[in-house]
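S.K.: Next comes the sequence, and after it the predicted model I'd like to discuss.
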Amino acid sequence: MTQSAVTERLLQLEEAGKRLRERSVREVVAALAATLDAWRDPTSAWRRSLEAELPKETGFAPDMVRTGMSLALESWTSDAFLDLIDDELGGIEALEAIEGPTVSGYPTTALLLAGAIPSPTLLQILAPLVLRSPVAVKTASHDSVTADLVARSIENQDPQLGECVEVLGFPGSNANAINALLEAPCIVANGSDATIEAVAKRIFPGQRFIPYGHKVSVGALGPHAVTSPECQESAEALAQDVVLWDQLGCLSPVAVFVSSVDKRAPERFAEELASALAALEVRWPRCRVDVATGESIVRERSMAEMRRAQGGSVRVLADSGTRWTVVLEDDTELRAQPRHRFVRVHPVASESVLLDSLAPLSPHLSAVALAGFGPKSHEIARALADLGASRICRPGSLQAPPLRWRRDNRGVLTPLARFSEHSRESGES
């Protein structure tokens, strides 16, 4: 796609946005809520198409896509959507107000996607449209399916609203096309820290820039979560968090910290986690990985075995290939994470050691699956929030954040909005 073609698409969106802003906000929101309802229906054409098409492109197991979407969208109801607008923007009235507190969107919003998890893509496309801001979507390199299906579902519900979504498929190496897309007044960028830094350098004063960079999640288990039979339940729940979307999202735990006076508890949990991952591999086979990723997994396993040979109490529990790996560490050092169902289990002597161990992750900490700390749970959750965790939940629910989740400690809609206070006197001479 050429630079001039992208520029032309943005101009078309800007014109479509002018027509959109002549319509009632209530009517637009109703169409978006109906679109969301269609996606929540597991029998809808959009869900069936996603389950059929996304596995071909990503290698995700079809049943995993089905289960992952059902879990993610379970609480994303029309009522929750309207509540989100009320909570963050002051309701539909604020979007339609001509005096007092008013809220509006930008003439156009450019959305740069990354990864291949469908539910964030759905929400990030719908969000600017709530503010009647048309959106140009650059698809992720590993998922050209989801954005196109979302755009088609919006057009099916409301053809004029469908004119306000442009899906652009071109490689990130196409610098000219990227530069043209980044002329939009509002930019939402997802990706690695390097990608976010590169985009940030191209943003001009006056543009709104909303970056979502590299994030990780972890599990934190106290003594009550690793006794029998709770240990098996905790392991099975966290295994599902790991396996859903093949550990490729910011809500996928890459490590589990186990705090217990029972010295055998971390090893017992690691064994249960390995068993749970093995069982889920049968149900939801892992997606394909490239050579570099496979080599990374083998390398990290070998380094763990070397630490064991040097006298450490490290253990590697893994399949005969590279499809799942559990490394039981004997310290809390944060090491490389190949992902693709690779998890480290760290023993921690106390809650304070847990928090100290997580402190280096603070700039990149997304969510924590927390369980087993009894009355101390609230205090620990507060401390985790202070470290930057924007989601703290029970094991097994990491991949199902509520619609209102303030990802990276931001709102869903407020970063996309322009707020103004318009008094009646300001329009009088």
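M.R.: Yep, that arrived.

S.K.: just the strands in the stretch 51-200 of the chain please.
M.R.: 100-104, 109-112, 135-138, 165-168, 186-190 (DSSP state E, counting those that start in this stretch).

S.K.: Restricting to C-alpha, output the first one in PDB.
M.R.: These are the backbone C-alpha positions of strand 100-104, laid out as PDB (Å, rounded to 0.1, in the frame of the first residue of the first chain):
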ATOM      1  CA  GLY A 100     -21.500  22.500  30.300                       C
ATOM      2  CA  PRO A 101     -19.100  19.500  30.300                       C
ATOM      3  CA  THR A 102     -18.800  18.200  26.800                       C
ATOM      4  CA  VAL A 103     -16.900  15.300  25.300                       C
ATOM      5  CA  SER A 104     -15.800  14.700  21.700                       C
END
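
S.K.: and the residue nearest to Ala31 when sequence neighbours are not counted, what is it in contact with?
M.R.: Leaving aside its sequence neighbours, Ala31 sits nearest to Asp158 (CB to CB, 6 or more residues apart in numbering; 3.9 Å). Any C-beta I mention is one placed from the backbone N, CA and C, and that applies to glycine too. Residues counted as contacts of Asp158 (CB atoms under 8 Å, 6 or more residues apart in numbering) are 28, 31, 35.

S.K.: and the last one, how far is that from Ser70?
M.R.: Right, Thr35. Computed as CB to CB, to the nearest Å, the Thr35 to Ser70 distance reads 17 Å.

S.K.: Looking at these two, which one has more neighbours?
M.R.: Between Thr35 and Ser70, counting by other CB atoms under 10 Å, Thr35 is the more crowded of the two (25 against 13).

S.K.: what about that one, helix or strand, and which?
M.R.: Take DSSP states H and E as the rule and Thr35 turns out to sit in helix 25-40.

S.K.: helices and strands around that helix, which ones?
M.R.: If you count contacts as 3 or more CB pairs under 8 Å, 6 or more residues apart in numbering; DSSP states H and E, helix 25-40 packs onto helix 45-58, helix 62-73, helix 78-89, helix 92-96, helix 118-130, helix 146-157, helix 159-162.

S.K.: make it 6 Å
M.R.: Judged by 3 or more CB pairs under 6 Å, 6 or more residues apart in numbering; DSSP states H and E, helix 25-40 is in contact with helix 78-89, helix 92-96, helix 118-130, helix 146-157.

S.K.: possible to save those as a markdown table with mean pLDDT and distance to Gly191?
M.R.: What follows is the helices and strands packed on helix 25-40, written out as a markdown table (pLDDT from 0 to 100; distance: least, CB to CB, whole Å):
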| stretch | mean pLDDT | distance to Gly191 |
| --- | --- | --- |
| helix 78-89 | 97 | 24 |
| helix 92-96 | 92 | 30 |
| helix 118-130 | 98 | 12 |
| helix 146-157 | 98 | 15 |
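
S.K.: Pick the most deeply packed of those helices.
M.R.: helix 118-130 (a mean of 24; mean count of other CB atoms under 10 Å).

S.K.: Could you export that helix as CSV, CA atoms only?
M.R.: Taking C-alpha atoms only, helix 118-130 is exported to CSV below (Å, rounded to 0.1, in the frame of the first residue of the first chain):
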residue,chain,number,x,y,z
PRO,A,118,-9.1,-11.1,19.2
SER,A,119,-10.9,-9.5,22.1
PRO,A,120,-8.6,-6.5,22.5
THR,A,121,-8.9,-5.9,18.8
LEU,A,122,-12.7,-5.9,19.0
LEU,A,123,-12.7,-3.4,21.9
GLN,A,124,-10.0,-1.1,20.4
ILE,A,125,-12.0,-0.7,17.2
LEU,A,126,-15.3,-0.1,18.9
ALA,A,127,-13.9,2.5,21.4
PRO,A,128,-13.2,5.4,19.1
LEU,A,129,-16.5,5.0,17.4
VAL,A,130,-18.3,5.6,20.7
